[in-house]
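Undergrad: Here's a sequence, model it:
(one chain, ligands or ions: 1)
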Amino acid sequence: MAEGAGTAAEHALWNTALTLLVVSVLRGLFTMAQNYYGEAVGHQTGYELRLAFYEKIQRLSFAFHDRVHTGDLITLGLLDLDGVRMFFSTGVLRVVLLGVLIGVGAYLLISTDPVLGLLSLSFVPFVAWRSSVTQLRLRSTWLTLQQRLSVLSRVMDENLGGIRVVRAFAAQSHEKFDRAKQDALDLANERVDIRVGNTSAMNFSFLAAMGLVLWFGGQKVMAGQISVGTLAQFLTFMTILQMPVRQLGLMVNSFARASTCGTRLFELLDTELDIKDAPGARDLVVTEGVLRFDDVGFRYGGSGGRPTLSGISFEARPGQTIGIVGPPGSGKSTIAHLIPRFYDVTRGTITIDGQDIRAVTLQSLRKAVGVVQQDAFLFTTSIENNIAYGNPWARETRIERAAESAQLHNYIIGLPAGYTTIVGERGASLSGGQRQRLTIARSLMLRPSVLVLDDSTAAIDAGTEQRIRAAMKRFAKDRVTLIISHRLSSLMHADEILFVEGGRIVERGTHEELLALGGRYRALYDLQLRPDDAALGAA
Ligand code: ATP
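TA: All right, here's what the predicted structure looks like:
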């Protein structure tokens with residue numbers, strides 16, 4: 001009898017040792033597979049998604065970027081994208097591993113002793129439920145946290161972008177940042193509370209199940225129904241099972257997170273491009289380079305009421321300069337934005353050499369149209385790279401010629417590192433006028449058929465502007481130049497000047513014709529340029 005009991009105990013010992021060995025090997029293999037393949041799949045997925053995200057952001061229209069804040073896009077590209085990546089990285093294979101571990105463990109326990117097996121597993125439903133519910137609660141707070149972090153990054157983005165303004169009004173910006181930061185901190189604390197409460201409940205239920213197994217199992221050992229080894233086997237398996245069961249909640253969370261993050265991310269990736277190549281679009285063929293606006297009307301999306309532009313018609317032939325002037329908000333920049341199709345006209349047509357700009361490929365159109373915008377944006381790289389941005393393979397001499405025309409060459413060669421000088425973030429180390437001249441040089445590099453200078457000389461003194469104009473004369477000979485300016489001296493020489501007000505051309509003609517007309521242009525001229533300026537006289 002004693003020998004039989006001894007053999008049974010030995011059997012149980014061997015069984016346990018063997019099972020432990022098999023489980024450990026399996027777990028090790030799975031963990032290795034998960035780490036290796038999971039990480040590999042995760043990184044690949046992350047890479048592909050990041051690429052798709054970046055490409056989409058580049059292609060989405062100005063109207064989209066008007067609607068969606070940069071801070072929100074950054075959150076989407078970092079946090080949401082990571083939510084999806086993490087699921088592939090750790091979620092998918094771990095679900096398989098957990099399923100196998102729990103399934104095999106449960107089978108072994110129940111097949112050894114059904115009652116004790118069920119008692120050992122009694123903590124599983126509670127812990128799995130509790131862990132899932134908690135993770136889902138954490139998830140909903142995480143979403144709110146993400147929104148608050150998004151507000152935080154938006155505030156940060158705005159503050160950093162406008163750091164000079166922020167310095168001048170420090171108190172107000174602080175207040176906004178502090179509020180966003182406090183909101184995020186409160187929520188982070190709430191998450192700690194949820195997590196701590198849950199861990200205690202899960203520990204309690206596991207220890208209670210262990211107590212039950214010890215109690216009933218101990219009685220069975222005393223009654224000689226099972227050996228001490230078998231009881232030890234149950235307790236060991238319970239300990240092994242504990243972690244995977246707790247991790248079930250993590251998996252539920254990982255899946256839920258990936259599905260919400262994925263929904264948001266794919267919503268962006270699936271956004272219809274409102275400005276894109278028409279089916280069968282061909283490259284723009286510039287034969288002469290005639291730009292024509294034919295009864296063009298435009299309304300910004302969401303702007304009810306009056307259209308921003310209406311009835312805009314003009315024609316410009318190569319070598320001609322069109323000046324556009326008018327009060328702030330009259331629609332001058334909007335006219336400029338329609339030519340490279342930053343926005344599409346809502347009425348009428350714009351053609352270059354008779355080809356509707358909506359019927360040609362965007363790439364060929366944007367190569368043919370250079371816009372120097374009001375906001376002289378520069379990249380944090382060398383002056384040389386900033387000038388050659390649209391044509392990275394350009395020769396040095398060409399870069400220098402563009403800089404010479406923009407009256408910037410002498411300044412650049414005076415710098416210790418010359419053309420390789422790195423400009424600060426968004427060109428912070430350059431003056432406003434230097435930034436504008438650099439963006440003019442950048443546009444000249446492209447040799448566009450249509451060059452639009454949108455208030456791009458506002459920060460440049462009149463003398464330098466005159467020199468730029470003289471240097472650009474040769475360049476302007478065979479292309480159309482559109483000059484938008486508040487300063488009449490910048491466009492007085494234009495072949496035709498359009499005076500825009502309320503989105504309509506209210507006066508048009510040469511400088512002399514408009515002066516003779518005695519209307520709004522004349523009034524502006526009197527205010528800005530006449531030697532016996534009434535305003536000066538009054539002062
Ligand atoms: P400024 O001389 O001040 O540069 P502008 O004549 O160039 O002004 P636009 O910038 O073309 O004027 O703006 C014309 C009108 O369209 C304004 O009323 C402006 O508020 C509105 N507007 C400009 N950009 C947008 C936009 N992205 N979304 C909605 N409305 C806009």
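
Undergrad: Report how many residues lie close to residue 529.
TA: 12 (other CB atoms under 10 Å). In this view, the C-beta of every residue, glycine as well, is placed from N, C-alpha and C.

Undergrad: show me the contacts for the residue nearest to residue 198 when sequence neighbours are not counted.
TA: The shortest distance from residue 198 to any residue other than its chain neighbours is 4.0 Å, reached at residue 134 (CB to CB, 6 or more residues apart in numbering). Going by CB atoms under 8 Å, 6 or more residues apart in numbering, residue 134 touches 194, 195, 198, 249.

Undergrad: at 10 Å instead, please
TA: For residue 134, the contacting residues are 194, 195, 197, 198, 199, 201, 202, 249, 252, 253, by CB atoms under 10 Å, 6 or more residues apart in numbering.

Undergrad: what's the most distant pair in those?
TA: 197 and 252 (17.7 Å; CB to CB).

Undergrad: Tell me which of these two has more neighbours.
TA: Per other CB under 10 Å, whichever of residue 197 and residue 252 has more neighbours is residue 252, with 19 against 12.

Undergrad: shouldn't that one be in contact with residue 136?
TA: Yes - between residue 252 and residue 136 there is a contact under CB atoms under 10 Å: 6.7 Å.

Undergrad: Could you list the residues of the stretch 1-150 of the chain in contact with the ligand?
TA: By CB under 6 Å from any ligand atom, the residues of the stretch 1-150 of the chain that approach the ligand are residue 66.

Undergrad: Can you pull the poorly scored residue ranges out of the stretch 1-150 of the chain?
TA: 1-6, 8-9, 12 (pLDDT under 70).

Undergrad: Where does it get nearest to the ligand, which residue?
TA: Nearest residue of the stretch 1-150 of the chain to the ligand (CB to the nearest ligand atom) works out as residue 66 at 4.2 Å.

Undergrad: The helix or strand where residue 243 lies: how far from the chain's middle?
TA: Counting by DSSP states H and E, the element that carries residue 243 is helix 228-269. Relative to the centre of its chain, helix 228-269 is centred 31 Å away, using CA atoms, centre = their mean, to the nearest Å.

Undergrad: Report all helices and strands that that helix contacts.
TA: helix 2-33, helix 39-59, helix 70-75, helix 81-86, helix 92-112, helix 114-120, helix 123-161, helix 170-222 (3 or more CB pairs under 10 Å, 6 or more residues apart in numbering; DSSP states H and E).

Undergrad: which one of those is the most hemmed in?
TA: helix 81-86 (a mean of 21; mean count of other CB atoms under 10 Å).

Undergrad: hang on, the earlier thing: with respect to the ligand, which of the contacts of residue 134 is nearest?
TA: For those, the minimum distance to the ligand (CB to the nearest ligand atom) is 39.4 Å, reached by residue 253.

Undergrad: can you pull the contacts of that closest one?
TA: 87, 91, 131, 132, 134, 135, 136, 137, 138, 139, 142.

Undergrad: Let's have these in a markdown table, adding distance to residue 344.
TA: Formatted as a markdown table, the contacts of residue 253 follow (distance: CB to CB, whole Å):
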| residue | distance to residue 344 |
| --- | --- |
| 87 | 38 |
| 91 | 42 |
| 131 | 52 |
| 132 | 49 |
| 134 | 50 |
| 135 | 46 |
| 136 | 44 |
| 137 | 46 |
| 138 | 45 |
| 139 | 40 |
| 142 | 39 |
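
Undergrad: Residue numbers of this protein in contact with the ligand?
TA: 66, 300, 303, 308, 326, 328, 329, 330, 331, 332, 333, 334.

Undergrad: show me what contacts the fifth one?
TA: The one in question is residue 326. Neighbours of residue 326 in contact, by CB under 10 Å, 6+ apart: 332, 335, 484, 486, 498-507, 520-521, 524.

Undergrad: Can you tell me which of these are classed as buried?
TA: Those of those that meet the buried threshold are 332, 335, 484, 498-500, 503-505, 507, 520-521, 524, by 16 or more other CB atoms under 10 Å.

Undergrad: And the residues you listed, which is closest to the ligand?
TA: residue 332 (3.6 Å).

Undergrad: wouldn't that closest one be in contact with residue 453 here?
TA: No - with contacts counted by CB under 10 Å, residue 332 stays clear of residue 453, the gap being 11.3 Å.

Undergrad: shared neighbours, the two?
TA: By CB under 10 Å, 6+ apart, the residues touching both residue 332 and residue 453 are 374, 482, 484, 485.

Undergrad: okay, the first one: pLDDT?
TA: Reading off the confidence values, residue 374 has pLDDT 78.

Undergrad: Check the nearest residue to it once chain neighbours are set aside and give its pLDDT.
TA: Once flanking residues are discounted, residue 374 sits nearest to residue 455: 4.6 Å by CB to CB, 6+ apart. In this prediction, residue 455 carries a pLDDT score of 80.

Undergrad: ok, residue 455 - contacts?
TA: Per CB under 10 Å, 6+ apart, neighbours of residue 455: 324, 332-333, 336, 372-375, 436, 483-487, 490.

Undergrad: which intervals of the stretch 201-350 of the chain have sub-threshold pLDDT?
TA: If you take pLDDT under 70 as the line, the stretch 201-350 of the chain has these spans: 302-305.

Undergrad: how close does the nearest residue to residue 111 once chain neighbours are set aside sit to residue 20?
TA: Residue nearest to residue 111 in three dimensions, not counting chain neighbours: residue 117, with 7.3 Å by CB to CB, 6+ apart. Distance, residue 117 to residue 20, by CB to CB, to the nearest Å: 17 Å.

Undergrad: ok, now residue 221?
TA: 20 Å.

Undergrad: cool, and residue 498?
TA: Taken as CB to CB, the span from residue 498 to residue 20 is 86 Å.

Undergrad: How about residue 203?
TA: Taking CB to CB, one finds residue 203 at 23 Å from residue 20.

Undergrad: What of residue 478?
TA: For residue 478, the distance to residue 20 - CB to CB - is 84 Å.

Undergrad: ok so, going back, what strand or helix carries the residue of the stretch 1-150 of the chain closest to the ligand?
TA: Element membership of residue 66, judged by DSSP H and E, is helix 62-67.

Undergrad: One more: residue 457?
TA: Here residue 457 is assigned to no helix or strand, by DSSP H and E.

Undergrad: which ones are touching the residue in the stretch 151-300 of the chain positioned nearest to the ligand?
TA: Residue nearest to the ligand within the stretch 151-300 of the chain (CB to the nearest ligand atom): residue 300, separated by 3.4 Å. Residues in contact with residue 300 (CB under 10 Å, 6+ apart) are 62, 63, 66, 307, 308, 309, 334, 343, 346.

Undergrad: let's see 8 Å
TA: Residue 300 touches 63, 66, 308, 334, 343, counting by CB under 8 Å, 6+ apart.

Undergrad: do residue 469 as well
TA: residue 493.

Undergrad: Would you mind measuring from it to the ligand?
TA: 20 Å (CB to the nearest ligand atom, to the nearest Å).

Undergrad: burial count for residue 263?
TA: 11.

Undergrad: How about residue 313?
TA: 13.

Undergrad: Then residue 476?
TA: 16.

Undergrad: what does residue 322 give?
TA: By other CB under 10 Å, the residues close to residue 322 number 24.

Undergrad: hang on, isn't it packed against residue 315?
TA: No - the pair residue 322 / residue 315 is not scored as a contact, 9.0 Å apart, by CB atoms under 8 Å.

Undergrad: Residue 232: what's it in contact with?
TA: residue 16.
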